[in-house]
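[1] Requesting a structural model of the entry that follows:
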Amino acid sequence: MNKLTSLFFALGVVALGACNNDDDNVTPANTMMTVSATLDNKQAVPSTASTATGTMTGTFDKTTKVLQYNVTYQGLSPTMGHFHFGKPGKKGNIAVGFNDVSKSPITGTVTLQPSTADSLMAGQLYVNLHSTTYPGGEIRGNVTAK
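    Have a look, this model is predicted:
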């Protein structure tokens, strides 16, 4: 009987020790990243003679895949704008279109598809602003995520 009592006592001590709530010091993983791009004529493919410039800033949540962006520009009247797939110096397909490019800033929030999120994190998305003068893209900037 003493062995059985000792066994139950030992199991109770182990069980209580396992219930210790020592996870208060666990730091949650940071899922937010900042994203940015500098847009100019030299990054356009092919490059343009435009003097327009722009920037893109925002945040990306790696868990929810939500991208919040703010694109500013000066020196052009864009007819459309998009995030495109593509490495620097290469053209790519449209990933996400902008709703209204008629005035700066262009702002939005979008939930990215997993493959688009992967491209963003790999540095393979760019912002492209198109115009009547440069329908293929007047200024462009590859997006970096940190």
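[2] use CA for all of it now, contacts and neighbours both
    OK.
[3] Run through the chain and note the low-pLDDT ranges.
    Low-confidence segments of the chain (pLDDT under 70): 1-28.
[4] one more time with 80, if that's ok
    Applying pLDDT under 80 to the chain picks out residues 1-29.
[5] Setting aside sequence neighbours, what's the nearest residue to the most centrally placed residue in the chain?
    Here the mean C-alpha position of the chain is nearest to the C-alpha of residue 60 (Cα atoms, centre = their mean), at a distance of 3.7 Å. Distances taken as Cα to Cα, 6 or more residues apart in numbering place residue 67 nearest to residue 60, at 4.5 Å, with adjacent residues excluded.
[6] Please enumerate the helices of this protein.
    2-18, 114-121 (DSSP state H).
[7] Buried residues of the shortest one, list them for me.
    In other words, helix 114-121. 116-117, 119-121 (16 or more other Cα atoms under 10 Å).
[8] Nearest to residue 139 among the residues you listed?
    The closest of those to residue 139 turns out to be residue 120 (Cα to Cα; 18.7 Å).
[9] for the closest one, what are its contacts?
    Contact analysis of residue 120 by Cα atoms under 8 Å, 6 or more residues apart in numbering lists 143-145.
[10] among these, who's most crowded?
    Greatest neighbour count in the contacts of residue 120, by other Cα atoms under 10 Å, goes to residue 143: 26 neighbours.
[11] you'd agree that one is up against residue 36?
    Yes - assessed by Cα atoms under 8 Å, residue 143 is found in contact with residue 36 at 5.4 Å.
[12] ok, the nearest residue to residue 79 once chain neighbours are set aside - contacts?
    The shortest distance from residue 79 to any non-neighbouring residue, by Cα to Cα, 6+ apart, is to residue 131 (4.9 Å). Shown in contact with residue 131 (Cα under 8 Å, 6+ apart): 76-80, 137-138.
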